[in-house]
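**Student:** just coords:
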């Protein structure tokens, strides 16, 4: 740089009212301020979206909100009943399998091992419907949850 260009960029600091010398801002202060402004703007937009969602809920009549809550409770109760029924049928089928296996000299461990092998066959589509013993609707339901079920049968 030439000496004349240095003089064009020379700034004389003004003293603070108390007589102290002001500390110049850090060179990256502007970039930090811009980043903070963007972050505040993003937070503001997120809060704005949350407020809009809450206003949408609050704009509904109370009886509609309660009706949705009641429907949810009914659905939850139905799924809970279905789960209980499913567990009961699984326990009953296990008992039937063990009762049929005992006279043949097949152990409980072997029955469980066979059941897990059959489950893996269905999950891996080696024998997708176990010889026709699984209904198409059941297969579709299993297909929707294969990723979760595969974790259970590892």
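**Tutor:** The structure has been received and is ready for your questions. Since the model is a prediction, treat every value here as computed from it, not as a measurement. Residues are numbered from 1 along each chain as shown.

**Student:** buried set for stretch 104-121?
**Tutor:** Buried residues in stretch 104-121, counting neighbours by 16 or more other Cβ atoms under 10 Å, are found at 111, 119. For the C-beta atoms, the positions are set from N, CA and C on the backbone; glycine is no exception.

**Student:** Tell me which helix or strand comes right after the helix-or-strand element of the chain with minimal mean pLDDT.
**Tutor:** Using mean pLDDT, DSSP states H and E, helix 3-8 stands out as the lowest-scoring helix or strand of the chain, at a mean of 53. Tracing the chain C-terminally past helix 3-8 and defining elements by DSSP states H and E, one meets helix 29-59 next.

**Student:** Quick check: next helix or strand after that next one?
**Tutor:** Note on helix 29-59: by DSSP H and E, the next helix or strand toward the C-terminus is helix 62-101.

**Student:** distance of residue 76 from residue 41?
**Tutor:** 39 Å (Cβ to Cβ, to the nearest Å).

**Student:** Give me the phi and psi angles of residue 145.
**Tutor:** Backbone geometry at residue 145, expressed as degrees, to the nearest 10, gives phi -120, psi 20.

**Student:** number of nearby residues for it?
**Tutor:** Under the neighbour criterion other Cβ atoms under 10 Å, residue 145 is assigned a count of 11.

**Student:** Now do the same contact list for residue 24.
**Tutor:** Neighbouring residues of residue 24 by Cβ atoms under 8 Å, 6 or more residues apart in numbering: residue 13.
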